[in-house]
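Q: sequence and predicted structure below; questions after.
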Amino acid sequence: MTATLPSGEPASVGTGLQQAICVDIAPQLHLVAPVRHAVVAALRLWGVPEVADDMGLIATELVANAIHHGNPGGVTAILTVQNSDAVLEVEDDNGGRPAIRQATEVDEGGRGLILVQALADRWGYRPGSCGRKTVWASLALPGARPEDAS
């Protein structure tokens, strides 16, 4: 599968137990929805529609956070399905640790990582090179036993 987004050259591969799609975008909020749509479409195409909507919401939050809190460089989203997990990784140019905020009733934002934490089976971050970082979230695939999760 190869998808084309307005500002990126996605690539995907599918071999055996693994499926993957990679989308690079400019840090522009109007590109969040096409990334979400690509994630949902890929998961449905790969035969795991049960996790598509939750992963779509996770993609929305992680990509929007990368754009809001990242530096002017691009954002990369990589979705993989392998063995018993669907994993979304979002890399940006802000090497700082992501932080869950306690939004007030009047705050318009600040709940993204709370949603990710509520939906994902696991999530976290890892520092990258040259001031970059990757925030990731995983969902167990239907029928996967907990000990199968990687």
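A: Structure received.
Q: once you drop chain neighbours, what's closest to Gly56?
A: Once flanking residues are discounted, Gly56 sits nearest to Val40: 4.2 Å by C-beta to C-beta, 6 or more residues apart in numbering. Quick note: C-beta positions are derived from backbone N, CA and C, even for glycine.
Q: just confirm that neighbour contacts Asp54, I think it does.
A: No: under the criterion of C-beta atoms under 8 Å, Val40 makes no contact with Asp54, lying 9.8 Å away.
Q: buried set for the helix or strand containing the residue nearest to Gly56?
A: Assigned by DSSP states H and E, Val40 belongs to helix 32-45. For helix 32-45, the neighbour count (16 or more other C-beta atoms under 10 Å) marks 32, 34-36, 38-40, 42-43, 45 as buried.
Q: ok, stretch 48-68 next?
A: Using 16+ other C-beta under 10 Å as the test for burial, stretch 48-68 gives 48, 51-52, 54-67.
Q: again with stretch 114-132
A: In stretch 114-132, counting by 16+ other C-beta under 10 Å, buried: 116, 119-120, 123, 125, 132.
Q: go through those residues and flag which are in strands.
A: When the buried residues of stretch 114-132 are checked against strands (DSSP state E), the matches are 123, 125.
Q: possible to save the buried residues of stretch 114-132 as a markdown table with distance to Pro98 and pLDDT?
A: Shown next, in a markdown table, are those (distance: C-beta to C-beta, whole Å; pLDDT from 0 to 100):
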| residue | distance to Pro98 | pLDDT |
| --- | --- | --- |
| Val116 | 9 | 93 |
| Leu119 | 15 | 95 |
| Ala120 | 13 | 96 |
| Trp123 | 9 | 94 |
| Tyr125 | 5 | 91 |
| Arg132 | 13 | 85 |
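Q: going along the chain, name the helices of this protein.
A: 32-45, 52-69, 112-119 (DSSP state H).
Q: I'd like those laid out as JSON lines, including distance to Val75.
A: Below are the helices of the chain laid out as JSON lines (distance: least, C-beta to C-beta, whole Å):
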{"stretch": "helix 32-45", "distance to Val75": "8"}
{"stretch": "helix 52-69", "distance to Val75": "5"}
{"stretch": "helix 112-119", "distance to Val75": "14"}
